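Engineer: pasted the sequence and its predicted model underneath.
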Amino acid sequence: MCNVFRIVYFSVVLVSVQALRRAQAAKEFALIPPCAALLDFSKTLKYNKLPEHDQLSFLTGQGCIERNTKPHNLAYTCDSPSALACASPVTEVDNIRFMCCDYTYSSRTGPEIATMLGDHVHLWQTGMSTLVQIPKQVESGVPKMLVQVNVQPVIPYWETLGCEEGRISEVVFSGSSVGESNVTIRSGAIDSSDAFAIRVGNTAWQEVSWRTQTLDSVKSIVSTPAMTISAVISAKDPEHWGPDASATVTLGSISFEVQQQTAGSGDESKVVLDVAVHGTYSTSLGVGGWLSGQGSDLAMGTQPAPCMTISPPRVG
């Protein structure tokens, strides 16, 4: 009887050790980046539609080589110094598979904007950036007008991997001229589940899509003495783009037109926002932000982030 208990006890300990090793291996495997992070937007769309084993074949077709390692002796090493060890879409608990993909270094680009002085600069950094601030200097409190944009890639970055260019995905209006509630305009294909929309404060999003509007029909979102907001779906540049959404925000003597441009359709589309400014402002107050005369100086103070992208497959 004692021998039986000893055997059972030993088996439980063995299983526990194996489980710990597997858990540790899974933890270590999570530390290497996913190979898909090296793909660009168009390739990512194709990749995401595939089942796991076909994803493996897809990466192999991009020049990646499959490798494996054991949970008790993890070693993510590649033969080529120009190859990156990355997580395979297919792996096993006792035989961890990874891939070695050749890569090249590059730099992430951002949306190009034209300043009030006619200079063309790039918004390299992701996240929120100030396009316009009036007055230029704010001693205390909030500015009269603050227009910010959120620059994000369509495909999320994985640390230093991924060279997909950033684009303006969102525009936010705030300041005393706007009132207590910010105005947010988000991007989204007009035939997608998350379409172009406008929100005032914490109210519900007011969608601008084929579900809510017809072509060339202007919809009033806000109409007060201090601010007006309207939206429309129209083909303003038919030679280059089809019908798309736009919004016009007017604050006093200054109007901001937020125009969307969409490549593709539905939830697989690639959308960008463009912001144009029209009107006059008080020179005594001054204007700050990227669209002002500061634009070139701000651009000189920032550098594009380095990134890694998959190298084309070797031929021959």
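Structural biologist: Looks like it arrived, so ask away.
Engineer: okay, CA-based contacts and neighbour counts for the rest of this
Structural biologist: Will do.
Engineer: show me where the stretch 151-300 of the chain has strands.
Structural biologist: 166-174, 183-186, 197-200, 206-207, 219-223, 227-234, 244-251, 254-263, 270-279 (DSSP state E, counting those that start in this stretch).
Engineer: now these in CSV, with distance to Pro89?
Structural biologist: Shown next, in CSV, are the strands of the stretch 151-300 of the chain (distance: least, C-alpha to C-alpha, whole Å):
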stretch, distance to Pro89
strand 166-174, 26
strand 183-186, 32
strand 197-200, 35
strand 206-207, 36
strand 219-223, 46
strand 227-234, 40
strand 244-251, 36
strand 254-263, 28
strand 270-279, 25
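Engineer: for Leu117, find the nearest of those.
Structural biologist: strand 270-279 (12.5 Å; C-alpha to C-alpha).
Engineer: against which helices or strands is that closest one packed?
Structural biologist: strand 166-174, strand 254-263 (3 or more C-alpha pairs under 8 Å, 6 or more residues apart in numbering; DSSP states H and E).
Engineer: dump the strands of the stretch 151-300 of the chain to JSON lines, plus mean neighbour count, distance to Gly118 and mean pLDDT.
Structural biologist: Shown next, in JSON lines, are those (neighbours: other C-alpha atoms under 10 Å; distance: least, C-alpha to C-alpha, whole Å; pLDDT from 0 to 100):
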{"stretch": "strand 166-174", "mean neighbour count": "23", "distance to Gly118": "20", "mean pLDDT": "95"}
{"stretch": "strand 183-186", "mean neighbour count": "22", "distance to Gly118": "25", "mean pLDDT": "98"}
{"stretch": "strand 197-200", "mean neighbour count": "21", "distance to Gly118": "29", "mean pLDDT": "97"}
{"stretch": "strand 206-207", "mean neighbour count": "18", "distance to Gly118": "33", "mean pLDDT": "96"}
{"stretch": "strand 219-223", "mean neighbour count": "14", "distance to Gly118": "31", "mean pLDDT": "95"}
{"stretch": "strand 227-234", "mean neighbour count": "20", "distance to Gly118": "27", "mean pLDDT": "97"}
{"stretch": "strand 244-251", "mean neighbour count": "23", "distance to Gly118": "22", "mean pLDDT": "96"}
{"stretch": "strand 254-263", "mean neighbour count": "19", "distance to Gly118": "17", "mean pLDDT": "94"}
{"stretch": "strand 270-279", "mean neighbour count": "18", "distance to Gly118": "12", "mean pLDDT": "92"}
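Engineer: closest to Tyr105 out of the helices and strands packed on strand 270-279?
Structural biologist: Of all the helices and strands packed on strand 270-279, strand 166-174 comes closest under C-alpha to C-alpha, at 16.9 Å.
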